[in-house]
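S.K.: Here you go, sequence then predicted model.
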Amino acid sequence: MGNRRRQRQFWTIAGVLALTLPIGLFIGSQNEIPGPDRPPNQMQPMNRNNGSVQAEATDKTHILTRDVALTESLCRLQCRFDLRSLAKRVESHSDPDGVRAAIREMRKEHPHLHAVAWFPPNAANKGGTVTEGEVDSQVQGAPSEWKKAVEAVQQGRRYESKTLKGHNDEPYIVLGEPAKDGGGFVGFIHQEVLNKVSSHQARNLRLLEYPNEDGKYGIRAVDPKTGQEVDVDTPEGNQGISHYKKNEVVVRFRETPSEEQMERMKKEVDAQYVHKLGTSYVFISKSMSTKELLDYFSAHDVAFVEPHYIYVTNESSAPVPNDELYAPYQWNLPIIDTPAGWTLSKGAENVVVAVVDTGVALNHPDLKGHLIDGYNVVDPAASPEDDVGHGTHVAGVISALTDNGQGIAGMTWLNKIMPVKVLDSTGMGSTYAVAEGIIWAADHGAKIINLSLGNYASAQFLHDAIKYAYDRDVVLIAATGNDNTSQPGFPAAYPEVLAVSATNSNGEKASFSNYGDYIDVVAPGENIASTYIGNQYAALSGTSMASPHVTALAALIRSANPALKNTEVYDIIRKSTTDLGDAGKDVYFGYGQINVARALEMATGNAIPEAAADDMQGEPVQEPSFLQSLLRAIFRFP
């Protein structure tokens, strides 16, 4: 209860301070895009065929804008923490070489720190200054902002510039962080993460068409009302459609072809290559279209033949972790009673979670130690390094290092992540790759698999891989999609998979989130802070971000009670939810929003300790506004 009193005191002070700040922070055009403190109004679920495409695109743009704004705030705050950390590192160094080595190590970990300078305490001359990197004079205002930051640090004051624009509008900032004994650091920082998040989310929320520069992908759209294929040639058409690889099909024969039969078929379809996985084959033709291949194999005795579909990215008293970004940004964990759940389970190292995605940033400081060997399906000779950011974000939600004094808190404190890269640098991957990744993870000890990816085509080839893992007692969790459509998304809609849609900080359906009878549960999926490539942090939105919350809950359940079967884990997650929307199961929230504490009580048969239970019944935790986060960062309120 003391924590809540302190929170009330903080918001009272913050409210008084807010009234003294420039009124321009609050007054603007009536059509201004909502910022992080003003979520867009909840929209009614819309179908891609009902004429509301433009309204939905506008709403998604609002969410994307908030993701970028929150990421910008995360970047500034984390970079200030980095400079503060540097100051602690050099406290024991009196020689410039030791300081220079510390700066180089920090810049290696955080390459977005383009220049860092150290000004020692009481240095009357410039001889003691150590500088690594250069300030780009082509960035508008950078030299003068650097000078202001240096002067501020030498006077014992913090400094923070506005966003500066470089070539192609690349964003930069200058920060000054004084040390407690005098002197301090000044940093020139490239905020390239903002452009990456903007580009990433434009595709993730289906505001842009997926990359198809070389024309290698076909597009198959199905009208959910009629079941008939429709033409797609606009970005809006991405909603509710499925992409497939041209000149390729997946075939499963009723009887395995002889070598002679296979050679004959290869010749007749002008095969460039044939992949085999299990009892199915992927035929890649040099000259035949997908339709021609479908027609050819349909005339043979096959169990099925289907396009080779593409999948895309779709983020005591209860312990309070000391991670720097937890209190100001991670509204998503308290709202599902995660801290109270930690009193019953913080996870277990031997319960491995596979993130089948774009890979994971293997050297991220907030994930190091929680990663085990994985696999790169896209390039088996390479490591499963993330070159997109999506898989790293998903992994951080599940198992970023918690209570380590930096970055964010993961939902599990101990569980290991197995990175399996099945999506390439564009965020896309084939049915074959996803299926191979699932099978590889199941064969190498994964107890839970997260699938923050999907399509609208029910590919039997992929379903076989899902069944393979399910039959080996693996828990499979998948995102439903970001098109605000009732059209079932796969693999989420397979009966062996727990389907997850997204909510916002008010417990409402996220406006982009898919819905339908197949939805099992919902979890937070709007403006979720997590780890990102480049050893940074970002806020992303999507059912891709909701899914790992449920995956982490499954890991906590299996850690607390290893004897539970996958079907029993599913039942506990469904039965322990907080009901939202209409009473009982409904098409927008499924059984409801996950409740970590309640689920772990059911899994262990134990009750939450009284103090933690009191916290669960207290005031609802609300997402801090951008202003509140800034005040908290500046004044360091508890």
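M.R.: Sure thing, it's come through.

S.K.: in a strand, that's where A538 is, yeah?
M.R.: Yes. Counting by DSSP: H, G, I helix; E, B strand; the rest coil, A538 is found in a strand.

S.K.: T71 is in contact with that one, correct?
M.R.: Yes. Here A538 reaches T71: they are 4.5 Å apart, a contact under Cβ atoms under 8 Å. For glycine as for every other residue, the C-beta is placed from the backbone atoms N, C-alpha and C.

S.K.: Give me the more crowded residue out of the two.
M.R.: Comparing A538 with T71 by other Cβ atoms under 10 Å, the one with more neighbours is A538, at 29 against 26.

S.K.: neighbouring contacts of stretch 553-565?
M.R.: With Cβ atoms under 8 Å, 6 or more residues apart in numbering as the test, stretch 553-565 has contacts from 341, 344-348, 351, 353, 398-399, 411-412, 414-415, 447-448, 473, 475, 477, 498, 569, 572-573, 594, 596, 599-600, 603-604.

S.K.: Tell me which residues of that stretch come out buried.
M.R.: 553-561, 564 (16 or more other Cβ atoms under 10 Å).

S.K.: do the same with stretch 153-167
M.R.: Buried-residue list, stretch 153-167, by 16+ other Cβ under 10 Å: 153-154, 159-161, 164.

S.K.: pLDDT averaged over it - what is it?
M.R.: Averaging pLDDT along stretch 153-167 yields 89.

S.K.: Could you do stretch 331-347 as well?
M.R.: Here the average pLDDT along stretch 331-347 is 93.

S.K.: Listing request: residues of the protein with sub-threshold pLDDT.
M.R.: 1-53, 92-94, 122-127, 206-243, 311-317, 608-638 (pLDDT under 70).

S.K.: Tell me how it divides into domains.
M.R.: When the chain is parsed with automatic domain parsing, its domains come out as 2-194, 313-633.

S.K.: one step back: need the residues touching each of A538 and T71.
M.R.: 193, 197.

S.K.: the strands in the stretch 351-500 of the chain, which residues?
M.R.: 352-357, 375-376, 417-421, 428-430, 446-451, 453-454, 475-479, 498-503 (DSSP state E, counting those that start in this stretch).

S.K.: how far off strand 446-451 does the last one point, in degrees?
M.R.: Pointing back at strand 498-503 there. Strand 498-503 runs at 50 degrees relative to strand 446-451, counting by axes from the mean of the first three to the mean of the last three Cα atoms, to 10 degrees.

S.K.: Throw the domains of the chain into TSV and include distance to D301, thanks.
M.R.: Converted to TSV, these look like this (distance: least, Cβ to Cβ, whole Å):
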stretch	distance to D301
domain 2-194	37
domain 313-633	16
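
S.K.: Make a ChimeraX selection of the buried ones in the contacts of stretch 553-565.
M.R.: In ChimeraX syntax, the buried subset of the contacts of stretch 553-565 is picked out as below (16+ other Cβ under 10 Å):
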select :341,344,345,346,347,348,351,353,398,399,411,412,414,415,447,448,475,477,498,569,572,573,594,596,599,600,603
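
S.K.: So which of the domains of the chain has the densest surroundings on average?
M.R.: domain 313-633 (a mean of 23; mean count of other Cβ atoms under 10 Å).

S.K.: Run the chain-centre distance for it.
M.R.: Here domain 313-633 is found 9 Å from its chain centre; the criterion is Cα atoms, centre = their mean, to the nearest Å.

S.K.: what does stretch 179-187 give?
M.R.: With Cα atoms, centre = their mean, you get 34 Å for stretch 179-187.

S.K.: what sits up against it?
M.R.: Under Cβ under 8 Å, 6+ apart, the answer for stretch 179-187 is 79, 82-83, 86-87, 91, 113, 115-123, 146, 149-150, 153-154, 156, 159, 174-178.

S.K.: Between the two ends of that stretch, what distance do you get?
M.R.: One end of stretch 179-187 sits 14 Å from the other (Cα to Cα, to the nearest Å).

S.K.: begin at 2 from here
M.R.: Sounds good: first residue 2 from here, last item stretch 180-188.

S.K.: correct me, but Y297 touches A272?
M.R.: No. The pair Y297 / A272 is not scored as a contact, 11.0 Å apart, by Cβ under 8 Å.

S.K.: can you pull the contacts of S162?
M.R.: 142, 146, 149-150, 174-176.

S.K.: Over to A410?
M.R.: A410 makes contact with 322, 324, 327, 331, 334, 401, 403-404 under the criterion Cβ under 8 Å, 6+ apart.

S.K.: Past the longest helix along the chain, which element shows up next along the chain?
M.R.: Ranked by number of residues, the top helix in the chain under DSSP state H is helix 54-90. Using DSSP states H and E, the helix or strand that directly follows helix 54-90 along the chain is helix 97-110.

S.K.: residues in contact with that next one?
M.R.: 83, 86-87, 90-91, 93-94, 114, 117, 119, 121, 129, 131, 133-134, 364, 366, 536.

S.K.: hmm, back to that, show me which of the contacts of S162 is closest to H191.
M.R.: I174 (8.7 Å; Cβ to Cβ).

S.K.: quick one on the thing from earlier: can I get the buried residues of stretch 154-168 in TSV with distance to A58?
M.R.: Formatted as TSV, the buried residues of stretch 154-168 follow (distance: Cβ to Cβ, whole Å):
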residue	distance to A58
V154	45
Q155	49
Y160	39
E161	34
S162	33
L165	30
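
S.K.: I'd like to know which of the strands of the stretch 352-501 of the chain lies nearest to A203.
M.R.: Nearest of the strands of the stretch 352-501 of the chain (Cβ to Cβ): strand 429-431, 14.4 Å.

S.K.: by contact count, what packs against that closest one?
M.R.: strand 303-314 (3 or more Cβ pairs under 8 Å, 6 or more residues apart in numbering; DSSP states H and E).

S.K.: Direction included, what does the strand it packs on pair up with?
M.R.: strand 242-254 (antiparallel), strand 429-431 (antiparallel), strand 454-455 (antiparallel) (DSSP bridges).

S.K.: Now do the strands in the stretch 502-639 of the chain.
M.R.: Assigned by DSSP E, counting those that start in this stretch, the stretch 502-639 of the chain shows strands spanning 522-525, 529-533, 537-541.

S.K.: Tell me how far the closest residue in space to P258 that isn't next to it in sequence lies from V588.
M.R.: Spatial nearest neighbour of P258, excluding adjacent residues (Cβ to Cβ, 6 or more residues apart in numbering): M266 at 6.9 Å. Counting by Cβ to Cβ, to the nearest Å, the separation of M266 from V588 is 44 Å.

S.K.: Now distance to A511 and secondary structure too, for the contacts of S162, in CSV please.
M.R.: Below are those laid out as CSV (distance: Cβ to Cβ, whole Å; DSSP: H, G, I helix; E, B strand; the rest coil):
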residue, distance to A511, secondary structure
G142, 37, coil
E146, 37, helix
K149, 41, helix
A150, 39, helix
I174, 30, strand
V175, 35, strand
L176, 33, strand
